[in-house]
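>>> The sequence and its predicted three-dimensional model are supplied below.
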Amino acid sequence: MSDLYELLDVPRSASEDDLKRAYRRKAREHHPDAGGDADTFKAVTHAYQVLSDPQRRSRYDRFGDDGTSNGRASAGDPFGFGAGGFGGIDDVIDAFFGQSAGFRSGGAGRGRRQQPGRDVLVVVELTLEEVVTGVARDVEVDVPRACETCAGSGAADGSGPTGCTTCGGAGQVQRVVRTAFGQLATAAPCEACRGTGRTVGDPCTDCAGEGRRQTSRTLRVDIPAGLEDDDRIPVRGEGEAGRQGAPPGDLYVQIRVAEHEVFERDGRTLAAEVTVSVSQAALGTTLTVPTVDGEDVEVPVPAGTQPGDVLTVRRAGVPMRGGGRRGDMALVVRVEVPTGLDGHQRALLTELAEARGEELDARGRGPLSRLRDAFQR
Ligand SMILES: [Zn+2]
Ligand SMILES: [Zn+2]
């Protein structure tokens, strides 16, 4: 089962308006009347139904429960998509949004609006260092792009598509089916134009009339500083080309941040562990610590520092999204108790213990009195 947010191409934090916009767009793209795939359309509609209902959304967020069993659309399908084919796309848009969003076909002559090319997602892994500085990255994109021979028109003479004669540009054909109850008219996508309402007369041979060809390209994408896992950078118009001159989709560069050997990230804060000896913790010292930028900074460790204390280096963390004020580096102190003491060191520590009145030799006393001592400290 696909992730409902991914189906709608929205972040998990999407607002009601975001969802509505995303669904409106997906519904147009995938509606069978517009040449889309029926199952995808159902899946997208289902995703919107779940996520637009606050109770169902919260259940989905917490338990991954999308209200279906074995991956099928729920029985209470309010728009009747499940039963006998699909409502017209205008009906769907009407039902969800109260008004048709300009999809009504404008007469046979003009034909239906062409379906744009699909959006494309490319995942890019960044190091933490790259997140801090921002980086320009070359991204391989392997998608259909406008055919150069026919300038994307699909026609050998570059004339571009004209209204489909089979369906009169409507993109769908009426079929009359005889049933026991009489004649029933149904609409099906036109096969001659694949539901687009447009065809080319003399197809370009390089792209077989598609107006686009599979193309490998390398795009340089500027990735600003401060991004996080699953952030997406839109690159408009660099997705799949549409068929026969239809507008292209967008490219989305999705960010993955690799784990770092030293630093753990919490928002704009970078946390790391530093180790000091017992004497350094007690007397104080200055540590030289490398930042994520590879520069050394001096960090004072005050006398009397305890294990777990946090030393802060200002502005050595991750910058705000898009660059700007940086967060802090937080150093969590570990105190190492010395082992393998030689005779001289043992004598010094013993002297210290005696000076502080600390009991060291518990021989000759029972375990209970030793325990009592421990609690009295
Ligand atoms: Zn071509
Ligand atoms: Zn047609």
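Cool, the structure landed. Ligands and ions are numbered 1, 2, ... in the order given.
>>> okay, now the closest residue in space to Ala330 that isn't next to it in sequence: neighbour count?
Take Ala330 and drop its neighbours on the chain: the residue closest to it by CB to CB, 6 or more residues apart in numbering is Ala271, 4.6 Å away. Every C-beta, even on glycine, is put in place using the N, C-alpha and C of the backbone. Using other CB atoms under 10 Å, Ala271 is surrounded by 16 other residues.
>>> thought Ala271 was touching Glu264?
Yes. Counting by CB atoms under 8 Å, Ala271 does reach Glu264; the two are 4.8 Å apart.
>>> Quick one: mean pLDDT for stretch 257-273?
Averaged over stretch 257-273, pLDDT sits at 96.
>>> Need the contact partners of it.
With contact meaning CB atoms under 8 Å, 6 or more residues apart in numbering, stretch 257-273 is reached by 125-128, 131, 226-229, 289, 292, 316-320, 326-334.
>>> got the contact list for Val141?
So Val141 contacts 120, 122, 216-219, 238, 251 (CB under 8 Å, 6+ apart).
>>> Return the set of buried residues in stretch 314-331.
Using 16 or more other CB atoms under 10 Å as the test for burial, stretch 314-331 gives 316-319, 326-331.
>>> what would those look like in a markdown table with secondary structure and distance to Pro247?
Putting these into a markdown table (DSSP: H, G, I helix; E, B strand; the rest coil; distance: CB to CB, whole Å) gives the following:
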| residue | secondary structure | distance to Pro247 |
| --- | --- | --- |
| Ala316 | coil | 45 |
| Gly317 | coil | 41 |
| Val318 | coil | 37 |
| Pro319 | strand | 35 |
| Arg326 | strand | 40 |
| Gly327 | coil | 40 |
| Asp328 | coil | 45 |
| Met329 | strand | 46 |
| Ala330 | strand | 48 |
| Leu331 | strand | 52 |
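>>> which of those sit farthest apart?
Pro319 and Leu331 (19.2 Å; CB to CB).
>>> What pLDDT does the model give the residue nearest the centre of the chain?
With distances taken as CA atoms, centre = their mean, Asp230 lies nearest the centre of the chain, 3.3 Å away. With respect to pLDDT, Asp230 scores 93.
>>> so who does it touch?
11, 254-256.
>>> any weak-confidence spans in the stretch 51-200 of the chain?
67-113, 160 (pLDDT under 70).
>>> any chance you could map the strands in it?
Counting by DSSP state E, counting those that start in this stretch, the stretch 51-200 of the chain has strands at residues 120-126, 135-146, 162-163, 172-179, 182-189, 198-199.
>>> So which of the buried residues of stretch 314-331 is the closest to Asp39?
Val318 (41.3 Å).
>>> Distance check, the residue lying closest to that closest one once chain neighbours are set aside against Leu227.
Excluding the flanking residues, the one nearest Val318 by CB to CB, 6+ apart is Arg268, at 4.6 Å. Distance, Arg268 to Leu227, using CB to CB, to the nearest Å: 12 Å.
>>> Flag every residue of the protein that's near ligand 1.
Counting by CB under 5 Å from the ion, the residues of the chain close to ligand 1 are 147, 149-150, 204, 206-207.
>>> Turn those residues into a markdown table, including distance to Arg25 and neighbour count.
Shown next, in a markdown table, are the residues of the chain next to ligand 1 (distance: CB to CB, whole Å; neighbours: other CB atoms under 10 Å):
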| residue | distance to Arg25 | neighbour count |
| --- | --- | --- |
| Cys147 | 26 | 23 |
| Thr149 | 31 | 15 |
| Cys150 | 28 | 28 |
| Cys204 | 29 | 23 |
| Asp206 | 31 | 13 |
| Cys207 | 26 | 23 |
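>>> mind giving me CSV with the residues you listed and columns for distance to ligand 2?
CSV is the format used below for those (distance: CB to the ion, whole Å):
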residue, distance to ligand 2
Cys147, 21
Thr149, 24
Cys150, 20
Cys204, 19
Asp206, 23
Cys207, 19
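>>> Dump those residues to JSON lines, plus distance to Leu7.
Below are the residues of the chain next to ligand 1 laid out as JSON lines (distance: CB to CB, whole Å):
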{"residue": "Cys147", "distance to Leu7": "30"}
{"residue": "Thr149", "distance to Leu7": "36"}
{"residue": "Cys150", "distance to Leu7": "34"}
{"residue": "Cys204", "distance to Leu7": "34"}
{"residue": "Asp206", "distance to Leu7": "34"}
{"residue": "Cys207", "distance to Leu7": "30"}
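>>> Do I have it right that Arg325 meets Val318?
No. Counting by CB under 8 Å, Arg325 does not reach Val318; the two are 10.3 Å apart.
>>> Excluding covalently adjacent residues, which one is nearest to Val289?
Val299 (5.2 Å).
>>> Can you list the buried residues in the one helix or strand the one you found maps to?
Using DSSP states H and E, Val299 sits within strand 296-301. Buried positions in strand 296-301, judged by neighbour count with 16+ other CB under 10 Å: 299, 301.
>>> mind listing what that strand pairs with, with the direction of each?
If you go by DSSP bridges, strand 296-301 pairs up with strand 285-290 (antiparallel).
>>> where does the partner strand sit relative to the chain's centre, distance-wise?
On the basis of CA atoms, centre = their mean, to the nearest Å, strand 285-290 sits 38 Å off its chain's mean C-alpha point.
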